[in-house]
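Participant: Here's my sequence, what's the structure:
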Amino acid sequence: MTLKLTDRQRQILDLIRETITHSGFPPTRAEIAQSLGFRSANAAEDHLKALARKGAIELTAGASRGIRLVEDVPPSAPAIAQQPAQPSWSHMLLPLVGRVAAGSPILATEHVEREVGVDPGLFAQTPDFLLKVQGLSMRDAGILDGDLLAVRKTPEARPGQIVVARLGEEVTVKRLSRQNGRIQLLAENPDFAPIDVRPGDDFAIEGIAVGLIRTQALH
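Facilitator: Predicted coordinates for the structure are as follows:
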C-alpha cells in the first residue's frame, strides 16, 4: 500500500517504528514532541490523528502509548529497514478499567487504573481495553472476581456473546440473549437472576469479550 504522507508524518512514523524496534513499546505523545521539537504533546496528537486517518497507524483511546503500526506501511529510513525482521508489536499497552462512574464513558481517564502490556497474539481479535471483573456472576463461564477481561469496543453483539453492557447506572459483564424482541443479560451462575432490558431502559453495549487474563494464583 502506498500512502501519501507529508515529510513530517513520515518522520513521526519512522520514530514510532524505531522506538518499538528498540524498546518494544511505542513512544508517548510527549516523547514524540520532545524528539521532534514540537511545542506540546497536542501537536504530536494532531499528527498522529492524521496518520490514523490515512491508515498508517491505529490509535487506542485512553492509552498514552496506544499506537499500533499497520503492518504493510514501509519504512522510509534505510537504517530502520536494515533492522532484523521482527514483529512490529511484541507487546501492546491496553488501558485497565476499574470501577466505572455512572453516566461517564467507560474509557474516561478517571476510570483507567494503569496500562498493562499484553501480547496481542493471545487473542483471536484485538482488544481495546481490559476490564477488571468484579463478583462471581460469570463464574461458570470461567470468569472470576479479579480477572482482567479483554474487551473489543463495539456497540453491536450477537446473541450468545459475552458482553460488557451499560444498564442504567451499572456496567456489567453478562451473556447477551435476544429472543422474540426481548433482551436479557444472563449470568453464568445460578445464584444470579437474568436481567431484563425493558423498552426505554438506558441500555448500551460497550464491547464484547475477546479473551481473559487471570491474575490470581491457581489453587
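Participant: for the chain, which residue is closest to the average position?
Facilitator: Asp128 (1.3 Å; CA atoms, centre = their mean).
Participant: In terms of pLDDT, where does the residue nearest to that one when sequence neighbours are not counted sit?
Facilitator: Residue nearest to Asp128 in three dimensions, not counting chain neighbours: Lys153, with 4.2 Å by CB to CB, 6 or more residues apart in numbering. Just so you know, the C-beta spots here come from the backbone N, C-alpha and C atoms, and that holds for glycine as well. pLDDT, Lys153: 91.
Participant: if we can go back for a sec, phi and psi next, for the residue nearest to the centre of the chain.
Facilitator: phi -100, psi -30 (degrees, to the nearest 10).
Participant: domain assignment for the protein?
Facilitator: Taking automatic domain parsing as the reference, the chain has its domains at 7-76, 92-213.
Participant: mind checking how far the shortest one is from the chain centre?
Facilitator: For domain 7-76, the distance between its averaged C-alpha position and the chain's averaged C-alpha position is 17 Å (CA atoms, centre = their mean, to the nearest Å).
Participant: likewise the longest one?
Facilitator: Relative to the centre of its chain, domain 92-213 is centred 13 Å away, using CA atoms, centre = their mean.
Participant: 896 is where my numbering starts, stick with that
Facilitator: Okay, residue one is now 896; in that scheme the one you just asked about reads as domain 987-1108.
Participant: Can you check the distance spanned by that domain, start to finish?
Facilitator: 14 Å (CA to CA, to the nearest Å).
Participant: rank the domains of the chain by mean pLDDT and give me the bottom one.
Facilitator: domain 902-971 (a mean of 80).
Participant: Just to be sure, Ala945 is in a helix?
Facilitator: Yes: assigned with DSSP: H, G, I helix; E, B strand; the rest coil, Ala945 falls within a helix.
Participant: Spatially, and excluding backbone neighbours, which residue is closest to it.
Facilitator: Here the residue nearest Ala945, using CB to CB, 6+ apart, is Gln904, at 6.3 Å.
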